[in-house]
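[1] I'd like to go over a predicted model; first the sequence, then the structure.
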Amino acid sequence: MQIGIIGGGPVGSIASLALKLMGHTVRLFDPTTQKPKMSLALSETTLSLLENIGVQPKAGQDLVEILVNEKGLPGSMLLNAPECGHSRFGRAICSHELDRILTEQVADMVEPVAVTQVRARSTTGNPRIELETGEISEPDLVILADGGRSGLSNSIGMDAQLRSFDRTALLGRIHVEAPVRGRAYERFIGTGPLALLPIDPEVYGFVWSLAPREAEALKQATPALLDALCLALPRELGRIKLVCDVVKIPLIERWIDQPYRPGIVLLGNGAQTIHPVAGQGLNLALRGVSRLVDALAMGDPDTAVREAFMSWKPNRDLTRLASSSLETLFDRDLLSRKLLTSVGMALGDQSSWLKRKISEAGMGIIS
Ligand SMILES: Cc1cc2nc3c(=O)[nH]c(=O)nc-3n(C[C@H](O)[C@H](O)[C@H](O)COP(=O)(O)OP(=O)(O)OC[C@H]3O[C@@H](n4cnc5c(N)ncnc54)[C@H](O)[C@@H]3O)c2cc1C
């Protein structure tokens, strides 16, 4: 099958490599864009997909433990991979490192041009791509993996539902005095969730979801940010210092229920951008890529796209719900809510069955 892929971010690049491996002829278009450096938690299912296409990230650290708790409250839940029956939950890696490896792998496939127009399949012909050079291409299937950046999906009537979380994420890196190898943290502070991922032996990447005004104030004043981080972080990590500039990203959910038209399918952030607190955006998108690659081996492109989305839907909907609910669940600064979540976490920590289910949902093993 001839496949045109628009966008060489992680989703477009990985889809290109996986489809080429299945024998399809792929053209990948991306004029390249600078993206912020962030820390990514790649789940075990994402790592298997990467391994299948010959990508084995050496940088970063395996995730073996995730400690979930709320600042100032006694209850906590420690998810430990071997106790849940796995050697690791996944791997934390810097997004630029993943981009670097993928850029190398797709170097001979990518054409550095922007796509200016797309058209769905009609009764008379294949879907159509128009490049900024004026060239027209008419493959059997177009995969739009533009990250929702280009407006091409709107031009074919795929309008996304946009919902602001009224939150801004601050992203950065810290050097810590007493790291715990392989342990990630999901910490609820009262002002918003803070996720910490071990990127290097003594360096953690953080994503902190905050009210926009608070995020802006902290971004402007490094000493205030350091003080706030010291108060928010678990004590066991010891003293900290910032090791890079902090980046600010407004958090908006973008969602299209059926992101496909005849001959065209939208994958990745363009089809769904979810809350980053659970570190699932890319993992979720790649679960969709895997379903599509498998389905395309069986049938015509439009049937394959429909079937892939139908089989992926329960997992897609659940991941969206879980990611948005975490922020809301811990958002209320009420004593009754705090007592409930504290007791809930303490009880949950006693249940191996629950901990296994939570970790496997995060790993994308169950829907
Ligand atoms: C704070 C934060 C933390 C996150 N943490 C995690 C995590 O821990 N784990 C996880 O799984 N996910 C995480 N995510 C989500 C993850 O970063 C995204 O899901 C992923 O980057 C989306 O990749 P993409 O390829 O869809 O889009 P992008 O990376 O945006 O790529 C889109 C590409 O399309 C190209 N393009 C655009 N327009 C055109 C055009 N007209 N023609 C040709 N090319 C075009 C662009 O140049 C770009 O390269 C996080 C997100 C945020 C914001």
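    Okay, I see it.
[2] can we go C-alpha only for contacts and neighbour counts from here?
    Noted.
[3] near the ligand, which residues of the stretch 51-200 of the chain?
    114-116, 145-147, 149-150, 169 (CA under 6 Å from any ligand atom).
[4] neighbour-wise, which one of these leads?
    Neighbour tally across these (other CA atoms under 10 Å): the maximum, 28 neighbours, falls on residue 145.
[5] quick one on the thing from earlier: show me which pair in the residues of the stretch 51-200 of the chain next to the ligand is furthest apart.
    116 and 169 (30.9 Å; CA to CA).
[6] stretch 182-202: which residues count as buried?
    182-200, 202 (16 or more other CA atoms under 10 Å).
[7] if we can go back for a sec, which of the residues of the stretch 51-200 of the chain next to the ligand fall in strands?
    115-116, 169 (DSSP state E).
[8] of those, just say which sits nearest to the ligand.
    Checking these against the ligand with CA to the nearest ligand atom, the nearest one is residue 115 at 3.9 Å.
[9] neighbours around residue 156, how many?
    Around residue 156 there are 15 residues (other CA under 10 Å).
[10] go on, residue 106?
    17.
[11] distance of the closest residue to it other than its chain neighbours from residue 225?
    Closest residue to residue 106 apart from its sequence neighbours, by CA to CA, 6 or more residues apart in numbering: residue 13 at 6.6 Å. Residue 13 is 35 Å from residue 225, where distance means CA to CA, to the nearest Å.
[12] what's the answer for residue 100, then?
    30 Å.
[13] out of the two, which sits in the more crowded spot?
    Legend: neighbour count by other CA under 10 Å for residue 100 and residue 225, higher for residue 225 (18 against 10).
[14] so what does the one helix or strand the more buried one maps to touch, helix or strand wise?
    Using DSSP states H and E, the element containing residue 225 is helix 222-232. Other helices and strands packing on helix 222-232, by 3 or more CA pairs under 8 Å, 6 or more residues apart in numbering; DSSP states H and E, are helix 212-220, strand 240-242.
[15] can you name the next helix or strand after the shortest one?
    If you walk from strand 240-242 toward the C-terminus, the next helix or strand you reach (DSSP H and E) is strand 247-255.
[16] who does that following strand pair up with?
    When pairing is defined by DSSP bridges, strand 247-255 lines up against strand 161-176 (antiparallel), strand 272-273 (antiparallel).
[17] can you list the domains in the protein?
    Following automatic domain parsing, one gets these domains for the chain: 2-35+96-161+253-326, 61-93+166-251+331-363.
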